[in-house]
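Asker: Sequence first, predicted model second:
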Amino acid sequence: MTAREIREKFLKFFEKNGHAPVPSSSLIPENDPSVLFTTAGMQQFKPYYLGAKDAKLDFSSVNTVSVQKCLRTSDIAEVGDDTHLTFFEMLGNFSFGGYFKERAIKLAHEFVTKELKQKIDYVSVFGGEGEIPEDFESEKIWQAIDPAIKIVKSGKADNFWGPTGEEGPCGPTTEIYINGVEIWNVVFNEYYKNKSGKYEKLKTPGVDTGMGLERLLAAMQKKNNVYETDLFSPLISLINLPLREKRIVADHMKAAAFLIADGVLPGNTGQGYVLRRLIRRVVRFYPSVPFGELLYALIEIYRGVYDLAGNRENILNTLEKEKEKFSQTLTRGVKEIEQLVETHRQATGEGYITGMQASSIFSSYGIPLEMAKEITTIKNEEEFYEDQKRHQELSKTASAGMFKGGPADNSPETVKLHTAHHLLLAALKKVLGKEVKQRGSNIKSVRLRLDFSFDRKMTDEEKKLIENLVNDYIGQNLPVVKKELPRGEAEKIGAEMEFGAKYSDIVSIYLIGQEGKWISKEFCGGPHVANTGELGQFKIIKEEAVAAGIRRIKAALV
């Protein structure tokens, strides 16, 4: 059975059993600052488990099913063995008060034994630990289904899941094993862990299950490891390296491609740092890595499931640019490390660098701590993390509003600048290319700020062209029209969406220009002026870098 067949079988089985199919969410979580990435299928459903008042179901049932893209780096050092991955898919069925333990266990048993036709080796249940009692109920349900089934009891380390981040829904689990491999984790979210570490009972308990597609495939196809399945074998065959390095490159290449497709760019903090680390690990292991060939193999593996093909050019350009950048700095960085090692050796008789020096080298040359440790000993490693934490806090302060913002108020001056913001984005796309995307905004009564994706400093000529183009739009006295449309229709006409924003089924869009000849089409809540002629003279104040591949323009109306 192929990965494609298993995905389809899983979705159809649960849809037949009253679950609404929900598409995979982005690897970048929406409105969840507790984690950098989507690490589990339940993440997009957290508000429903919590019973949040503003959490309105976007689907037809309190029971859902999905195949979710996930990314975890907590076990990155283990990647290359038989089972660990950074990018993987999670098959999951979920219930937000629709059913609980008995139906969840019965559905899981039926899918494994009847749909997949697999024999269960054994199951595990939560044996109790601390203030959380033993899960006798799950044990009795399994015994009722199959009196002969082997049941293993474990504590929190093995049979308690969550939360994602420091706080959130969590609960005991029951796990299913076939061919000696744990393939399905059924979580019963009946607790909420708060910031103080206390567990509170949820008002409405829910079901959250996760079955790793790659591990399931290995068990189903009787492979020794996940890399021999059809989700990896076409990729692995193109990589000419020793076994462990071959697997690392395949995993990291896949993770990097999906991150870029979901809008992440290499950087020195947060999500961008993880992407940079993945790409640079690939280049370290495989200096002559054929990104184009590997990406083509990935596109074919996931064709019709995820749209990598539509992002091919952007993914490939990002990978190649990061490879080139790393190659240019690598030699200088290694030389710097060698000089520091020699300095310490002459002074102390011992060759090493300090954690603070490793942090400085990372900031200057992009060489991660892991690579520095492969070159030499790091003394006082904790200094590295402390210094990087300081850098990250400064970065957060400096780039506050990069992914959030919008108008600060509804004053006449701010409303005018809000409208000018739309004209500026339209001009940027016309002068620099359609691939330019908004990455954040902040609009006050005295100036506007627009963050956008672009990989180099703008020339003076480009800035002048954009400034003149915006003023030309203003001089044409163009009408500003608001429309409310179904989201799908707004997307179809090409309306720009704000990065990271979540939209309802009916959306508000603003169009500037004439019917059929709009110069600007954006999802936006307003308010705006009625006509561009009300704006006055537009002036670019400053253009600067914010992060790798992100530029910022500050502008005003004078």
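Answerer: All right, it came through fine.
Asker: wait, doesn't Phe384 sit right on Ser359?
Answerer: Yes: look at Phe384 against Ser359 with CB atoms under 8 Å: they come within range, at 4.7 Å. Where you see a C-beta, it was placed from the backbone N, CA and C, and this is true even at glycine.
Asker: does the closest residue to Gly80 other than its chain neighbours belong to a helix or a strand, and which?
Answerer: Nearest residue to Gly80, sequence neighbours excluded (CB to CB, 6 or more residues apart in numbering): Arg244, at 4.1 Å. For Arg244, the host element (DSSP states H and E) is helix 243-261.
Asker: If you count surrounding residues, which of Phe384 and Ser359 has more?
Answerer: Applying other CB atoms under 10 Å to Phe384 and Ser359 shows that Phe384 carries more neighbours, namely 24 against 21.
Asker: quick one: contacts for that one?
Answerer: Contact analysis of Phe384 by CB atoms under 8 Å, 6 or more residues apart in numbering lists 355-356, 358-359, 362, 369, 378.
Asker: Assign a three-state SS to it, would you?
Answerer: With DSSP: H, G, I helix; E, B strand; the rest coil as the basis, Phe384 sits in helix.
Asker: Excluding sequence neighbours, find me the nearest residue to it.
Answerer: Gly355 is the one closest to Phe384 (CB to CB, 6+ apart), at 3.9 Å.
Asker: Quick check on that neighbour: phi, psi?
Answerer: Main-chain dihedrals, Gly355, degrees, to the nearest 10: phi -60, psi -40.
Asker: show me what contacts it?
Answerer: Taking CB under 8 Å, 6+ apart, we find Gly355 in contact with 378-387.
Asker: For the stretch 451-558 of the chain, which segments count as helices?
Answerer: In the stretch 451-558 of the chain, the helices defined using DSSP state H, counting those that start in this stretch lie at 460-475, 487-492.
Asker: looking at these, which is closest to Ala104?
Answerer: With CB to CB as the measure, helix 487-492 is the member of these nearest Ala104 (32.0 Å).
Asker: about what we covered before: quick one: which of the contacts of Gly355 is nearest to Arg284?
Answerer: Using CB to CB, Ile378 comes nearest to Arg284 of the contacts of Gly355, at 17.0 Å.
Asker: Let me know how buried the closest residue to that closest one other than its chain neighbours is, in neighbour terms.
Answerer: Using CB to CB, 6+ apart and skipping the chain neighbours, the partner closest in space to Ile378 is Ala358 (5.5 Å). Using other CB under 10 Å, Ala358 has 27 other residues around it.
Asker: swap in Asp387?
Answerer: Neighbour count of Asp387, defined by other CB under 10 Å: 18.
Asker: Helix, strand, or coil at it?
Answerer: Under three-state DSSP, Asp387 falls in the helix class.
Asker: Just to check, it is in contact with Gln357?
Answerer: No: look at Asp387 against Gln357 with CB under 8 Å: they stay out of range, at 9.8 Å.
Asker: coming back round to it: min pLDDT across the contacts of Phe384, which one?
Answerer: Ranked by pLDDT, the contacts of Phe384 bottom out at Phe362, which scores 79.
Asker: how near is that residue to Asn268?
Answerer: Distance, Phe362 to Asn268, by CB to CB, to the nearest Å: 8 Å.
Asker: okay, these two: which has more neighbours?
Answerer: Shown here are Phe362 and Asn268; by other CB under 10 Å, Phe362 has more neighbours (21 against 16).
Asker: roughly how far apart are the more buried one and Gln339?
Answerer: Taken as CB to CB, the span from Phe362 to Gln339 is 16 Å.
Asker: Neighbours of Ile541, how many?
Answerer: Neighbours of Ile541 (other CB under 10 Å): 12.
Asker: Spatially nearest residue to it (excluding sequence neighbours)?
Answerer: Using CB to CB, 6+ apart and skipping residues adjacent in sequence, the residue nearest Ile541 is Lys554, 4.6 Å away.
Asker: need the contact list for that neighbour.
Answerer: Residues counted as contacts of Lys554 (CB under 8 Å, 6+ apart) are 447-449, 540-543.
Asker: can you pull out the helices in the stretch 251-400 of the chain?
Answerer: For the stretch 251-400 of the chain, the helices defined by DSSP H, counting those that start in this stretch occupy 270-285, 291-301, 312-348, 355-365, 369-375, 382-398.
Asker: Can you lay out the ones you listed as CSV showing distance to Asn224?
Answerer: As requested, the helices of the stretch 251-400 of the chain are exported to CSV (distance: least, CB to CB, whole Å):
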stretch, distance to Asn224
helix 270-285, 22
helix 291-301, 20
helix 312-348, 30
helix 355-365, 37
helix 369-375, 27
helix 382-398, 36
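Asker: which of the ones you listed is buried the deepest?
Answerer: Neighbour counts (mean count of other CB atoms under 10 Å) averaged over each of these peak at helix 270-285, with a mean of 22.
Asker: which residues are contacting that one?
Answerer: So helix 270-285 is contacted by 28, 36-37, 73, 86, 241, 245, 248-249, 252-253, 255-256, 259-260, 264-268, 289, 319, 322-323, 326-327, 366, 368, 370-371, 392, 547-548 (CB under 8 Å, 6+ apart).
Asker: Among the residues you listed, name the buried ones.
Answerer: Applying 16 or more other CB atoms under 10 Å to the contacts of helix 270-285, the neighbour count classes 28, 36-37, 73, 86, 245, 248-249, 252-253, 255-256, 259-260, 264-268, 289, 319, 322-323, 326, 366, 368, 371, 547-548 as buried.
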